[in-house]
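J.: Give me a model of this one.
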Amino acid sequence: MSEAEEVLTATAEWDLPPERHRHFKDVLMQQIDQDRNQDLNHDQDPSVRPSVRRRFTRPAVLVPLASAALAGALLVTLSVDGRGPATGATPSARAAGASVTLNRIATAAMASDAIRVRDDQFVYVRTLLRVNKGDFSGPIRMGALHTEERWMAQDPDPLHITGWIRESGKDAIMPDEMIPIENTDAVPAGPDHPTYRWLASLPTDPDALLQRLSQAARPVEGESRDQAVFSLIGNLISGTVMPPANAAAFYRAAARLPGVREIPDAVDAAGRHGIAITLDDTGFATRDEWIFDKETLTLLGTRFYITDPDRGITTETLAGTTAVMKTAVVDAKGEAPARAASR
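T.: The predicted model follows:
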């Protein structure tokens with residue numbers, strides 16, 4: 001496997017890149033093709049280095065279920081900790097609880113202080129994370145906890161480089177190096193280049209916002225549009241700064257998604273306990289969790305689970321976890337926030 005493919009295997013997230021950032025299978029195939037071309041170029045010019053796309057919130061391990069039987073099996077194997085089926089409240093009660101909790105989170109977000117962001121600045125996010133280091137056909141092998149810093153450009157113009165990533169610690173990608181989040185085509189402000197200005201332009205009515213997000217979401221094969229919207233919201237709330245009214249609208253929009261439910265206790269990558277919100281998608285063997293502080297209702301981090309009967313994973317297995325340690329606005333890439341406004 002080339003270095004670029006190893007980088008992609010370890011990063012394809014997040015996030016994010018956020019993105020889902022996004023739609024892992026298509027992005028994965030495109031990135032591998034691109035990196036192979038870059039490897040050929042590297043043979044001719046050693047100065048050429050592979051680019052790294054934005055990490056998605058969850059690793060790129062996609063397991064669409066092959067049959068209705070497996071889809072039904074997923075419903076009875078969902079767990080809160082990866083060790084067994086979920087128990088307790090009925091699905092309808094858990095859904096009602098999630099709606100109430102998301103609306104409480106929205107109220108807290110609306111009351112938070114606004115952070116102004118200029119077009120020439122960067123949104124800085126520092127997270128702790130553990131991701132799957134195993135290959136796509138083998139068992140899950142969680143890597144070590146390490147740090148990721150991200151600088152997301154707020155320039156509203158279409159950009160080839162929408163941000164920068166630097167990781168440190170064991171199992172970090174290219175430790176302590178600034179890695180560009182580079183795209184073949186210039187990316188305009190939007191879901192894959194979420195600037196403060198673009199986020200502020202979105203509807204604050206949750207139904208109108210949900211309609212916009214549904215149009216923007218790009219489900220992969222086997223994934224419902226609701227799940228794709230849920231993942232898109234998760235990327236945006238965990239990796240950006242936005243006006244309080246828009247943040248509240250995102251949470252209220254999430255409360256309207258069918259299948260969303262609450263988990264009373266969940267633990268982020270830093271070991272902090274909180275209340276989690278998740279969405280059950282019976283056609284796709286993956287599940288994201290957003291974890292919030294039980295008192296302040298601020299976002300703590302995320303967890304990502306998979307169920308893959310073809311690999312013998314018949315109950316949920318943790319395949320990625322993050323903890324958001326600091327979010328701030330800085331004036332330049334590579335700048336660590338000191339007195340910058342942060343949460």
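J.: neighbours around residue 169, how many?
T.: Residues lying near residue 169 (other C-beta atoms under 10 Å) number 15. (C-beta placed from N, C-alpha, C; glycine too.)
J.: right, I mislabeled it, should have said residue 140
T.: One way to gauge burial is a neighbour count; for residue 140, by other C-beta under 10 Å, it gives 19.
J.: tell me the secondary structure for it?
T.: coil (DSSP: H, G, I helix; E, B strand; the rest coil).
J.: where does it sit relative to residue 285, distance-wise?
T.: With distances taken as C-beta to C-beta, to the nearest Å, residue 140 is found 12 Å from residue 285.
J.: Please enumerate the shared neighbours of those two.
T.: residue 306 (C-beta atoms under 8 Å, 6 or more residues apart in numbering).
J.: which residue ranges form the helices in this protein?
T.: In the chain, the helices defined using DSSP state H lie at 3-11, 24-44, 68-77, 91-111, 196-201, 206-216, 225-239, 244-255.
J.: which of the residues in the fifth one are buried?
T.: Residues 196, 198-199 are the ones in helix 196-201 that count as buried (16 or more other C-beta atoms under 10 Å).
J.: Now it: average pLDDT?
T.: For helix 196-201, mean pLDDT is 97.
J.: what's the answer for the fourth one, then?
T.: With pLDDT averaged residue by residue, helix 91-111 scores 87.
J.: right, and residue 224 touches residue 284 too?
T.: Yes: the criterion here is C-beta atoms under 8 Å, and residue 224 meets it with residue 284 at 7.0 Å.
J.: More neighbours: which of the two?
T.: Set side by side, residue 224 and residue 284 show unequal neighbour counts under other C-beta under 10 Å, the larger going to residue 284 at 23 against 18.
J.: Bridge partners for the more buried one, pull those for me.
T.: The bridge-partner assignment for residue 284, based on DSSP bridges, gives residue 64.
J.: I figured it was touching residue 226, is that so?
T.: No: proximity of residue 284 to residue 226 does not meet the contact threshold set by C-beta under 8 Å, at 10.4 Å.
J.: Give me the below-cutoff pLDDT ranges for the stretch 151-300 of the chain.
T.: 282 (pLDDT under 70).
J.: How about the stretch 1-150 of the chain?
T.: Applying pLDDT under 70 to the stretch 1-150 of the chain flags residues 1-95, 136-137.
J.: Can you name the residues that contact residue 175?
T.: When contacts are taken as C-beta under 8 Å, 6+ apart, residue 175 is in contact with 167-169.
J.: cool, residue 142 as well?
T.: Taking C-beta under 8 Å, 6+ apart as the definition of contact, the neighbours of residue 142 are 130-133, 318-319.
J.: What subset of those residues is buried?
T.: 130-132, 318-319.
J.: packing partners for the longest strand seen in the chain?
T.: Counting residues, the longest strand found in the chain (DSSP state E) is strand 313-330. Under the contact criterion of 3 or more C-beta pairs under 8 Å, 6 or more residues apart in numbering; DSSP states H and E, strand 313-330 touches helix 68-77, strand 122-131, strand 299-308.
J.: now that strand and strand 122-131, what's the angle there?
T.: Strand 313-330 and strand 122-131 meet at an angle of 160 degrees, taking axes from the mean of the first three to the mean of the last three C-alpha atoms, to 10 degrees as the criterion.
J.: count of neighbours near residue 298?
T.: With neighbours defined by other C-beta under 10 Å, the count for residue 298 comes to 15.
J.: Make sure it is actually in contact with residue 108.
T.: Yes: at 7.3 Å, residue 298 and residue 108 qualify as touching, with contact defined as C-beta under 8 Å.
J.: any idea how far residue 297 lies from residue 279?
T.: Taking C-beta to C-beta, one finds residue 297 at 19 Å from residue 279.
J.: Residue 160 contacts residue 186, doesn't it?
T.: Yes: at 5.3 Å, residue 160 counts as touching residue 186 under the criterion of C-beta under 8 Å.
J.: returning to that earlier point: out of the contacts of residue 142, which two sit at the greatest distance?
T.: Spatial extent of these (C-beta to C-beta) is set by the pair 133 and 318 at 12.9 Å.
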